[in-house]
Structure formats: structure tokens, C-alpha cells
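> compute the structure for the input listed below.
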Amino acid sequence: MPRSGQVPLGIFPPLMQICDFAALNIAVLFLSANEDAMVLGSSPIVSSHLGLICGTVFVIVGQLTGAYESSLLFSVRRSWSRLFNAWLGTTLLLLSLGFLLRLMTSASRGSIFLWFIVGLAMLALLRLLLVTIARSLKRQGRFDRRCAIYGAGGQGQDLARYIINHDKLTLSLTGFYDDRRQDRLDERLPIPLLGGIDDLLAAIRKDEIDQVIIALPWAADARLRQVVGALAVTPVQIRLAPEKAGFAFARMPVMLLGGLPVMTLLEKPMHGSRIIEKWAEDRTLSFLLLILLSPLFLLIALAIKMESRGPVFFVQRREGFNCRDFRIFKFRSMYVDLCQTDEIVQASKRDPRVTRVGAILRKTSLDELPQLLNVLLGEMSLVGPRPHAPSTRAGGRLFNEVLSSYVARHKVKPGLTGWAQVCGWRGETDTEDKLIKRIEHDLYYIENWSIWFDLYILLRTISAVLGGQRAY
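Numbering: from 1, shown residues only. Take a look at the predicted model:
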């Protein structure tokens, strides 16, 4: 039974589901005042039950997309983000079914848009109210569970500091318990040493503790078993704290390997459905762009051939995904006898190797367009870290000599454009500082990749190209 005044955190996920269901029914009642605004107005049966249908489908989609996780209760931004994803998925699903079943023959685009906005607004307002209430209850300590730490050594003290400094946890530390003498207990910790295992058992019997975390070295197998055995007969939650090294990786996710918990220190940037999303984005957009830009390709090829002898395309070796080499395609922008395929020297301002047509191509980045072929072949992505030649230098040093984390940018496919480029870090990297800034942006992109981030970068690429800065 919960203590007097305590509110179980577990009641909020079903409460969120009830509120969302109610919000969508209220939205439908609001729209029903205007028959023209009903999205499924052509079907009387469906229209009369639209609120029930929307609410039910949304709750199911929200459950699948993690919109009802307890951790979202204290963050408006994260709650709204999950809500938007769930509502967008619900809308697309219902619209697809509506069109397939011919239930939306009379629905206008305006009514569909109004339905989406009103539903989203109702969901957002109710979730804001719930988050505000949850934050208030947390500040009052209504969610806190009384927690004792068994083990007052360095491991236990590290655990106590972590709990005290973690504002999202709903734990109230009652004290340390340890049967061994502890002369080095940090006096700055506001947590007393209350005794040994017998004192801990007595406190549990008095209903003063809800959870015990055992903070003993994992190598002390016999002692661990003894403590767990003593606590196993009590009606409290028993948990095992990580070893001291675990606090350095506290944000890393834990998964089950069979029945064994293991910590994921680093994850592949592209895995699961993300691989499919990126593949579909690259293949679809590159194919469409190649078709749309084919007349421009012909005009550029003609201009190159009219100004100087040699091939239209320039092919060069670059480092790609997983540090594997590939051949990159570009429109030739230099005189053919001055083009370099090895020991590359980056182009600089007023470079004598660059032709007049080439200068325009490089200024507008049109020389990079043939890399759409690399994207279609699966060697590159539309968005990603720009590929460099292995011999390229910054401040006289090879890129991988300047920064040890340089090779981390090869965890994903290189891109035709990238986050570093749209943020102004494009063109010549004649100093180590410029390279470091570029790598920082590349790694930020890898860690924060999403389809929406890619689309944002593609839009910003247009303005960056039109600006024509730092490209020689």
C-alpha cells in the first residue's frame, strides 16, 4: 500500500491514455459543429464514431511509439515530440484506410488539415497540463520511494552522489547500512550511516524503506549472496548497484544478452529501421534529382568540352564508409594535365589549375552533382560527412594525424552535403582549427541523425550554395 500522501508513478501512463482518448473525442465534437469540417463526413456511420476510432487508434500507436513512458512526465519537449510522432502516424494510417475504403470521397484538404491541427492542439494542451501536475507532485516528493543503500564504501558513496544529483529520479535516500567499519564516509554527503544488516531488516519491518540498493563489489560473491539471502524474505525491492566503472557510462543503455544484462557502450549509428529509412531516402531522392537535373548535366558537360580538352567527369579516390575506398564522380573543373588523383592539394582562392567554367562550377558546387550517381550506387548518401582524399592535409599534417576521432566520421556513408558544410565549414581546410570544427559538426550529425535532420540540411544546402562562400 502507498504511504499517506504518496502518489504511485505508475498511474500516470494509463491516465495519459485516458486523457488522449478524451482529447480526440473532444476535438471531434468541436469539429462536428461544422459538417464541412468532418474528414470522414461522407460516411455517416464512421463520422458518428470518429472520436472513438481516432482515440483508440491513437492510444495503440502511442503505446507502440513510446508516448506513454513514465520518463516523459517531467519533460514537455519530449512529451510533445512523442505525441507529434504518434498523431502523425495515426493520421497517415486513418487517411490511408479512409481512401482505400472510399470513406473520404468528399473530404477536402482544408478539412483534413483542420482535423490534424485541432486534434494535435487538444493532445498538446492536455499533455502540458499532465506534465505540469506531475512536476508539481515531484517537487513535493509525492512520487519518492524511500531507498536505503547497503554498502557505504566508495561504490555506495558514488551511487548516493548519482541519485542526489539526478533530478529525474524519484528516490529519497534514507541512509547507508554496512556491517563493516567505515572511517572514510564523505562528510559532505547528507546521508547518515544507520547500522548493519540487522538494523536494515528492522527498518524494513517498521515499513520505513521501500527499496534497497546493494552497493558491494561484484567480486565479493559470497558476501553478496549472504546479504541478498537476508533481504530476500522482506517485502521490498532489491537492486544491485553497478561497479565503480559503471558510473562513467551511466547514460549507456542496458540490454539482455540471453538472460545476462550487458551495457551498450557504443551503438551503430545506422541500425534496424534507420538503415531502411536512410536507404529509401537516398535512392528515391537521388533518382528523382538525376531525372530532374539531366538537362543541366548536358549543359554543364557541353560547357566543359567547349572550354578545354579532356573528359567531362573527374574521378578520384576517396575514403568512404568503414574507411573503404571508392571512386567519387565530379564534373572536371581543372585543366586535364593539372588534375591530381594522388597526393591531393586542395584548391585555393584564384587557383591557376581551375578553368573559367570550373570556377563557376566550384563556386556554385555544381561540380559535385555527379555524386548523385555515387548515392544511387550506394557508395554515398545525400547527407553525411563530406568524403576526403586519403592524402589531404591540414596545416601540413594528414587529417587523421590532427585528430584521433577523425576516423569516427566513417561510421556512416559520406554525403553529397553535410551539417558541417551548411554551417559554413566547407571549402579549403588550410588550418587544423578548421578541420577540428568540421569534424565536430560531422560527429554531431552522426549522433543526432534523423530523416527530419537530413531534410533540414538539404534545405539549408540551397542557401549555403547560393551564398557561395569558402568554395574555390
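
> just the buried residues of stretch 163-172, please?
By neighbour count on 16 or more other CB atoms under 10 Å, the buried set for stretch 163-172 is I163, T170, L171. All C-beta atoms are positioned from the backbone trio N, CA, C, and that covers glycine.

> now the last one: phi and psi?
For L171, the backbone dihedrals (degrees, to the nearest 10) come out as phi -130, psi 140.

> what does R318 give?
Main-chain dihedrals, R318, degrees, to the nearest 10: phi -130, psi 160.

> hmm, back to that, quick one: which of the buried residues of stretch 163-172 is nearest to V7?
T170 (9.9 Å; CB to CB).

> list the contacts of the closest residue to the closest one other than its chain neighbours.
Spatially, and ignoring its direct neighbours in sequence, T170 is nearest to F143 (3.9 Å; CB to CB, 6 or more residues apart in numbering). F143 makes contact with Q6, V7, L9, L137, T170, according to CB atoms under 8 Å, 6 or more residues apart in numbering.

> which of the buried residues of stretch 163-172 lies at the shortest distance from I26?
Among the buried residues of stretch 163-172, T170 lies closest to I26 (CB to CB), at 30.6 Å.

> hmm, Q140 and the closest one touching each other?
No: under the criterion of CB atoms under 8 Å, T170 makes no contact with Q140, lying 11.4 Å away.

> in terms of pLDDT, where does K138 sit?
In this prediction, K138 carries a pLDDT score of 79.

> neighbours of it, how many?
19 (other CB atoms under 10 Å).

> pull the longest helix from the protein.
Scanning the chain for the longest helix, with DSSP state H as the assignment, gives helix 109-139.

> next one: that helix to chain centre, how far?
Computed by CA atoms, centre = their mean, to the nearest Å, the chain-centroid distance of helix 109-139 equals 23 Å.

> packing partners of that helix?
Helices and strands touching helix 109-139, by 3 or more CB pairs under 8 Å, 6 or more residues apart in numbering; DSSP states H and E, are helix 12-32, helix 76-100.

> what does the next helix-or-strand element following that helix contact?
Heading C-terminal from helix 109-139, the first helix or strand you meet, by DSSP states H and E, is strand 145-150. Applying CB under 8 Å, 6+ apart, the set of residues contacting strand 145-150 from outside is 156, 159-160, 163, 170-178, 191, 194, 197, 200, 203, 208-216, 227, 231, 241.

> pLDDT averaged over strand 145-150 - what is it?
In the prediction, strand 145-150 has an average pLDDT of 90.

> could you check the angle the helix or strand that it is followed by makes with strand 145-150?
Remark: after strand 145-150, the chain's next helix or strand is helix 154-165, criterion DSSP H and E. Angle of helix 154-165 versus strand 145-150, following axes from the mean of the first three to the mean of the last three CA atoms, to 10 degrees, is 160 degrees.

> buried set for helix 154-165?
Counting neighbours by 16+ other CB under 10 Å, helix 154-165 gives Q155, G156, Q157, D158, L159, A160, I163 as buried.

> stretch 56-64 now?
Across stretch 56-64, burial judged by 16+ other CB under 10 Å covers V57, F58, V59, V61, G62.

> quick one, what contacts the closest residue to the second one other than its chain neighbours?
Nearest residue to F58 in three dimensions, chain neighbours excluded: T90, at 4.5 Å (CB to CB, 6+ apart). Residues in contact with T90, defined by CB under 8 Å, 6+ apart, are C54, V57, F58, V61.

> tell me which entries of the residues you listed lie within helices.
Applying DSSP H to those, the entries found in helices are C54, V57, F58, V61.

> tabulate the residues you listed (a markdown table), appending distance to S111.
Shown next, in a markdown table, are the ones in helices among the contacts of T90 (distance: CB to CB, whole Å):
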| residue | distance to S111 |
| --- | --- |
| C54 | 14 |
| V57 | 18 |
| F58 | 19 |
| V61 | 21 |
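
> for the residue lying closest to I300 once chain neighbours are set aside, list each beta-bridge partner.
Excluding the flanking residues, the one nearest I300 by CB to CB, 6+ apart is F331, at 5.6 Å. With DSSP bridges as the criterion, F331 is bridged to F313.
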